[in-house]
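S.K.: fold the stuff below for me.
(one chain, ligands or ions: 1)
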Amino acid sequence: MEIPIRVVQIADDIKAMRIRGAGKIARAAAEALKIAAIEYRGPLDESSFKKYMAYVANLITSTRPTAVSLHNAVLYIMSKVRAVSGGVDDMRNAAINAADKLIQESIEAISRISEFGAKRIKNGAVVLTHCHSTAAVSTIINANRMGKIVKVYSTETRPFFQGRITARQLLESSVPVIQIPDSAVRYVMNEVDHVVVGADTVTSNGAVINKIGTSQVALAAHEARVRVFVTAETYKFSPMTAIGELVPIEMRGAEEVVPLDWIKSHPGLEILNPSFDVTPPEYIDAIVTEIGVIPPQAAINVLVERLGWALEEFLQSEHRPVFGEV
Ligand code: RUB
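M.R.: The predicted structure is shown next:
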């Protein structure tokens, strides 16, 4: 099957984390499906087009397992394609329109989240954030524009150092920022008023899966009675978890943790590099979504309201959907 080179490139970029962050990954996936639909040159029958789009959908979703935004975005676009029975042109248009809608709504969602989230930051606040989340950074920048931020601690976020992106973006928006090693979180926590982080996935019981180390940050915050806010678009809520599935945690390569020659010179040494961890709902004060600020325990309501269509598919199929015959 001939796949457009730009689509393969997007899949590679997501896998290699040149495109990263759950929201950006979802938008890139939508863009890939749109390009695939536009550049389809196969036979002009419905079944060939569906097969081709299913192949692309599986290619894109196989890149990273944890961020459900990626899977929800692809599921949404594919459900619109599958719903058409009017020929290839109609299906192509359905894919393009669904991708455009998803990208547009995702950008609007971040803007609303930053508006709602900034209101929850107190005046004169010291904020701590972990990793790099567009939703969290936008919220902090908005709060800073409102004159509320005294300083932000940004963890460096080993082993991939996404905290450097956070620090740079905050600096560019004139937010006072201090970069700290991940291990300094508890050292500074007594000074902190709010922890603001993003999410890759929110489960039906309100647990949040985010960059590895988030649960340690939340634990330190809990101990110091510091409020933890999670900023998350509703397409980061996982319908799969409502039928009891666990969220797969991505394991990445050893070379991200230590140099390859060091690994080679220490035969027998094992390296573990989990990319995400789970923060239980007890350690989260609120999840800031584009439809409102909710307690984590209300996650199931968001799932039913916003992703009811996907929930229905999961309830019927009882498995992670593959996108048709491949
Ligand atoms: C990024 C990460 C971010 C969330 C939310 O992990 O954990 O906190 O994805 O980001 P990685 P956003 O760098 O491994 O993709 O708010 O931008 O969606």
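
S.K.: mind listing the strands for the stretch 101-250 of the chain?
M.R.: Secondary structure of the stretch 101-250 of the chain (DSSP state E, counting those that start in this stretch): strands at 125-129, 149-155, 177-180, 194-197, 201-202, 208-211, 227-231.

S.K.: what's the host helix or strand of Val278 in contact with?
M.R.: Using DSSP states H and E, Val278 sits within strand 276-279. Contact with strand 276-279 is made by 66, 200, 207-216, 218, 228, 230, 247, 249-250, as judged by CB atoms under 8 Å, 6 or more residues apart in numbering. From N, CA and C alone the C-beta is placed, and that goes for glycine too.

S.K.: please identify the helix or strand for Leu307.
M.R.: Secondary structure (DSSP H and E) places Leu307 in helix 299-317.

S.K.: just the buried residues of that helix, please?
M.R.: Residues Ala299, Ile300, Val302, Leu303, Arg306, Leu307, Ala310, Leu311, Phe314 are the ones in helix 299-317 that count as buried (16 or more other CB atoms under 10 Å).

S.K.: nearest to Glu46, of those?
M.R.: Ala310 (22.7 Å; CB to CB).

S.K.: distance of the closest residue to the ligand within the stretch 201-326 of the chain from Ile5?
M.R.: Closest to the ligand within the stretch 201-326 of the chain is Lys211: 3.4 Å, counting by CB to the nearest ligand atom. Taking CB to CB, to the nearest Å as the measure, Lys211 falls 31 Å from Ile5.

S.K.: so those two - more neighbours on which side?
M.R.: Shown here are Lys211 and Ile5; by other CB atoms under 10 Å, Lys211 has more neighbours (27 against 10).

S.K.: which ones are touching the more buried one?
M.R.: His130, Cys131, Thr157, Gln162, Val197, Asp200, Ser275, Phe276, Asp277.

S.K.: among those residues, which ones lie close to the ligand?
M.R.: Among the contacts of Lys211, the residues lying close to the ligand (CB under 6 Å from any ligand atom) are Cys131, Gln162, Asp200, Ser275.
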